[in-house]
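[1] Let's see this in three dimensions:
(one chain, ligands or ions: 2)
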Amino acid sequence: DRAAAASAPITDGALADGTAVPLLANLGNADGAADAVALGAEGVGLFRTEFLFLSSNQAPTVEQQREAYTKLLAAFPGKKVVVRVLDAGADKPLAFLNDAHEENPALGLRGIRALRASEDILREQLTALAEADAATDADLWVMAPMVATVEETTYFTELTRDYGIKTAGVMVEVPSSALLADRILVDADFASIGTNDLTQYTLAADRLLGSVASFQDPWHPAVLRLIREVGDAGRANGKPVGICGEAAADPLLAVVLVGLGATSLSMAPTALADVRATLLQHTLDQAREIASAALAASDAASARTAAQAAATR
Ligand code: PEP
Ligand code: MG
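    Ligands and ions are numbered 1, 2, ... in the order given. Have a look, this model is predicted:
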């Protein structure tokens, strides 16, 4: 239970059979790094860079960004730190980047699409990241949000490597990129599944709209099937597949995600203890069986019930 998990020793994330499942932190700014380390984060699986941009009506300078990224990377010597380039638009609008008059901003010029339309902002961000990388010894991975095509993947990975950044990947949070993950993972070094947006787009239900909130459930087997596609593609290409959406913070769903092929899980640091404790109760074979039970369900509620039953067998 929660109390037992909180008092259990902090070990690296692993299944009962010893299979390592690195447990990483989602961070919204570098100030959260010390708490994440104290709670046992083995690195950062999602660093959201929007905070640097949201508080102002113009982009931060390269120097301001370098300082923020250096502070982050310095807190994780020798550890993996996955930084997402600016994800502007829809639920994270930016006056100087997004058109406020789009009728459907979630389907508009957002994420990597918006960055391509203002490529100088992306180039400045990559410059600052490369400089922070050179000044520290964390293992920097950089990824693009809202990638929908193989072409966007190639664009982003080539541009990122031009800046000397060694590891370039994409977020899979649009169904098209989940379905094409086997192609995307030819160019990308890794994929990280954003289950919040992947659920929104799979169920066609605005994640910010209360009247359709019941659709925003990552247990939905349609979402799980897409995640399985990505897991299979990762295995086939020998590339890591992380999860960085809220789903990874649900301990039983975390087991399902590993069973579907996720190789690391990233979450709010306060969720790490419960997920760590639950992973230790199942082997990889069991996680795959629990995932199969969830995949066979017709809806989110029965997927959870089926997974729960399979987990206690
Ligand atoms: C996601 O969509 O799951 C995700 C991790 O990104 P964000 O919540 O920042 O859109
Ligand atoms: Mg997202």
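
[2] Report the contact partners of the residue nearest the centre of the chain.
    Among the residues of the chain, the one closest to the centroid is residue 244, at 2.6 Å (Cα atoms, centre = their mean). By Cβ atoms under 8 Å, 6 or more residues apart in numbering, residue 244 lies in contact with 24, 26, 45, 46, 82, 171, 192, 193, 194, 266, 267. In short, each C-beta sits where N, CA and C put it, glycine included.

[3] For it, give its distance to ligand 2.
    Using Cβ to the ion, to the nearest Å, residue 244 is found at 9 Å from ligand 2.

[4] Please tell me how far that residue sits from ligand 1.
    Counting by Cβ to the nearest ligand atom, to the nearest Å, the gap from residue 244 to ligand 1 is 5 Å.

[5] Quick check: residues of the chain near ligand 1?
    Counting by Cβ under 6 Å from any ligand atom, the positions of the chain adjacent to ligand 1 are 46, 48, 87, 173, 194, 195, 196, 197, 244, 245.

[6] any chance of these in CSV, with distance to residue 57, pLDDT and secondary structure too?
    What follows is the residues of the chain next to ligand 1, written out as CSV (distance: Cβ to Cβ, whole Å; pLDDT from 0 to 100; DSSP: H, G, I helix; E, B strand; the rest coil):
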residue, distance to residue 57, pLDDT, secondary structure
46, 25, 98, strand
48, 19, 97, strand
87, 18, 96, coil
173, 27, 98, coil
194, 27, 98, coil
195, 31, 98, helix
196, 26, 98, helix
197, 25, 98, helix
244, 28, 98, coil
245, 29, 96, coil
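
[7] Export stretch 128-137 to PDB, keeping only CA atoms.
    The C-alpha coordinates for stretch 128-137 follow below in PDB (Å, rounded to 0.1, in the frame of the first residue of the first chain):
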ATOM      1  CA  ALA A 128      21.300  26.500 -25.600                       C
ATOM      2  CA  LEU A 129      20.800  22.800 -25.100                       C
ATOM      3  CA  ALA A 130      24.100  21.900 -26.900                       C
ATOM      4  CA  GLU A 131      26.000  24.500 -24.800                       C
ATOM      5  CA  ALA A 132      24.500  23.200 -21.500                       C
ATOM      6  CA  ASP A 133      25.300  19.600 -22.600                       C
ATOM      7  CA  ALA A 134      28.900  20.600 -23.300                       C
ATOM      8  CA  ALA A 135      29.200  22.200 -19.900                       C
ATOM      9  CA  THR A 136      27.900  19.200 -17.800                       C
ATOM     10  CA  ASP A 137      28.100  15.500 -17.800                       C
END
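
[8] Good, we can wrap up now.
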